[in-house]
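**Student:** Predicted coordinates and the sequence they were generated for:
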Amino acid sequence: RRRQAIVMLHSGKTFRHVAEKLNASLSSVVRWFQTYREKGQKGIRSQARWGRPSLLDESQKAGLKKLLLQGAASAGHATDIWTLKRISKLIRIKFGVDYTHVGVWKLLRHNFGWSCQKPEKRALQRNEKAIAEWKSKTWPSIKKAQKLGAHLAFLDESGFLLIPLVRRTCAPVGKTPILRHSYRHE
């Protein structure tokens, strides 16, 4: 937008017109132009945001990411769910640095590209080969029966399962975590 503003101003447009066209404030357009006159193209480049430096250096961040990708279970937790509290504790233990939950979230989001996600549930007994075979052989014949006017009913036992509570966890964007557990009646 800054470069566009300079081009428009050089072509004779007014500050107000440029501000309206680029959806910027009038004061910003004037400031961009003054900076351009003083420092040239380099002056109007966007600057890195200022703020407190990260408490972890780049090698520590890489080490943390490696630990997180190994899963929460490998860090001694009962489930493979990464919570901000667990990650904060891991950082304190491994690197001797205290992070707030907000700080951990910013670190995950901006440095690792992670998000908060709800994991998929998968039974430990799940047989991927049998599922693929059922989908390719059995399901087409069931669909055919449905097209012929048959009524389909899927029946299953219902009961009480001791399955884990599914809660949100931190994970890389686009890689939904899988929570594996045993579907056992007890």
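**Tutor:** Structure received.

**Student:** What residues are bridge-paired with the residue nearest the centre of the chain?
**Tutor:** The residue lying closest to the centre of the chain (C-alpha atoms, centre = their mean) is residue 115, at 2.4 Å. With DSSP bridges applied, the residues forming beta bridges to residue 115 are residue 171.

**Student:** Could you point out which residue ranges in the chain have low pLDDT?
**Tutor:** Scanning the chain for pLDDT under 70 picks out 47-51, 154-166, 181-186.

**Student:** Tell me where it has strands.
**Tutor:** For the chain, the strands defined by DSSP state E cover 114-117, 120-123, 169-172, 178-181.

**Student:** what does the first one rub up against?
**Tutor:** This points to strand 114-117. 68, 108-109, 168-173, 176-177 (C-beta atoms under 8 Å, 6 or more residues apart in numbering). Bear in mind the C-beta positions are built from the backbone N, C-alpha and C, glycine included.

**Student:** For it, list every residue counted as buried.
**Tutor:** By neighbour count on 16 or more other C-beta atoms under 10 Å, the buried set for strand 114-117 is 114-115, 117.

**Student:** how about the strands of the chain in a markdown table, adding distance to residue 82?
**Tutor:** Formatted as a markdown table, the strands of the chain follow (distance: least, C-beta to C-beta, whole Å):
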| stretch | distance to residue 82 |
| --- | --- |
| strand 114-117 | 9 |
| strand 120-123 | 15 |
| strand 169-172 | 4 |
| strand 178-181 | 12 |
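
**Student:** From residue 64, how far off is the nearest residue to residue 105 once chain neighbours are set aside?
**Tutor:** With C-beta to C-beta, 6 or more residues apart in numbering as the criterion, residue 105 has its nearest non-adjacent residue at 6.0 Å, and that residue is residue 84. For residue 84, the distance to residue 64 equals 13 Å [C-beta to C-beta, to the nearest Å].
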